[in-house]
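> compute the structure for the input listed below.
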Amino acid sequence: MMSDGLQCRRFQRTAGKALALTLLAAASIGCSRGANPAAADARYETPASLTARISNDEVRWDGNYVMLWPELSGYSEEIHATCSKDCIPDLVEALEDQDRYVAAHVLLTIFNGGEYELSAAAWNGLKVQLTADGKTVIPGGQQAALIKQWRAIYPDW
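Predicted coordinates for the structure are as follows:
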């Protein structure tokens, strides 16, 4: 027969382990949703539905006196992590949308690879201005040239 003290210690250990596992599970669920809301739903989405949700606002630009580089977030980041060539037709179509063409251009450039123009003023044909106050300006009038650029590379899409 076990003493009451031994039973109490076993109960505390078991309860402690259960609590630790519950907290660990809750934390991992919270982290995956908190880090990128798009990631939680991406496994259920098609390339077309993911691409329909990208936005130019999901591309943050940084740079120096030599070159620019984009940083992706949201659905754009999720497409970068989960898609590849299977997203290209939908990304080419997204170039037609004023609110998505910058994100589509960045993703197409990443997926296409190869050599392209890099400078402190342009990233593969997209002119980007970084201001002293930390803002980014994408000058207008570039969308048609980017559509033409990518349609020449992917004429069948």
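> low-confidence bits of this protein, can you list those?
When residues are selected by pLDDT under 70, those of the chain lie in 1-44.
> can you rerun that using 80?
By pLDDT under 80, the low-scoring segments of the chain are 1-45, 84, 157.
> in it, which spans are strands?
59-63, 68-72, 122-123, 126-127, 129-130, 136-137 (DSSP state E).
> how much space between residue 115 and residue 124?
10 Å (C-beta to C-beta, to the nearest Å). In short, each C-beta sits where N, CA and C put it, glycine included.
> more neighbours: which of the two?
For residue 115 and residue 124, the more surrounded residue by other C-beta atoms under 10 Å is residue 124, and the numbers stand at 18 against 6.
> quick one, phi psi at that one?
Backbone torsions of residue 124, given as degrees, to the nearest 10, read phi 50, psi 50.
> quick one: contacts for it?
With C-beta atoms under 8 Å, 6 or more residues apart in numbering as the criterion, the residues that contact residue 124 are 105, 109, 116-118.
> quick check: domain ranges of the chain?
The chain breaks down by automatic domain parsing into domains covering 4-35, 44-153.
> among those, which is the most enclosed?
Mean neighbours per residue, mean count of other C-beta atoms under 10 Å, is largest over the domains of the chain for domain 44-153, with a mean of 16.
> please compute how far that one lies from its chain's middle.
11 Å (C-alpha atoms, centre = their mean, to the nearest Å).
> OK, contacts around the closest residue to residue 90 other than its chain neighbours?
Nearest residue to residue 90 in three dimensions, chain neighbours excluded: residue 51, at 3.8 Å (C-beta to C-beta, 6 or more residues apart in numbering). The contact partners of residue 51, taken as C-beta under 8 Å, 6+ apart, are 79, 87, 90-91, 93-94, 100, 104.
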